[in-house]
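Peer 1: could you work out the structure for the sequence below:
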Amino acid sequence: MDSLKGKQQQLNELEKKISVLQENFESVMREKLELEDSMKLTALRLKRAGRLTKVLASEKTRWAELVEV
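Peer 2: Okay, the predicted model is just below:
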């Protein structure tokens with residue numbers, strides 16, 4: 001009987017460890033998804049900033065021509 005109780009106690013301890021590991025895994029996976037979303041948003045902003053820079057560069061030329069006139 002002592003052997004059975006000892007094994008049940010070991011099983012309970014392992015189940016607790018598994019539970020903690022599962023919670024940690026889920027937390028890390030949520031963080032991973034948040035970082036991926038943030039990365040996508042940052043890439044989109046960078047692309048838009050590049051387009052804006054190009055547009056403003058052409059406007060600079062146009063404004064310079066208007067000032068010369």
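
Peer 1: now do residue 27 against residue 15, distance only.
Peer 2: 19 Å (C-beta to C-beta, to the nearest Å). The C-beta positions use only the backbone N, C-alpha and C, and glycine is treated the same way.

Peer 1: tell me which element the spatially most central residue of the chain is part of?
Peer 2: A centroid search over the chain (C-alpha atoms, centre = their mean) returns residue 35, at 0.5 Å, as the residue closest to the centre. For residue 35, the host element (DSSP states H and E) is helix 2-68.

Peer 1: chain center to that helix: distance?
Peer 2: With C-alpha atoms, centre = their mean, to the nearest Å as the basis, helix 2-68 stands 0 Å off its chain's centre.

Peer 1: who are the packing partners of that helix?
Peer 2: Contacting helix 2-68 under the criterion 3 or more C-beta pairs under 8 Å, 6 or more residues apart in numbering; DSSP states H and E is no other helix or strand.

Peer 1: average pLDDT for that helix?
Peer 2: Here helix 2-68 scores 93 as its mean pLDDT.

Peer 1: ok, residue 34 - how many residues close by?
Peer 2: 10 (other C-beta atoms under 10 Å).

Peer 1: gap between it and residue 24?
Peer 2: 16 Å.

Peer 1: next one: residue 18
Peer 2: 11 Å.

Peer 1: mutual contacts of these two, please.
Peer 2: Common contacts of residue 18 and residue 24 (C-beta atoms under 8 Å, 6 or more residues apart in numbering): none found.
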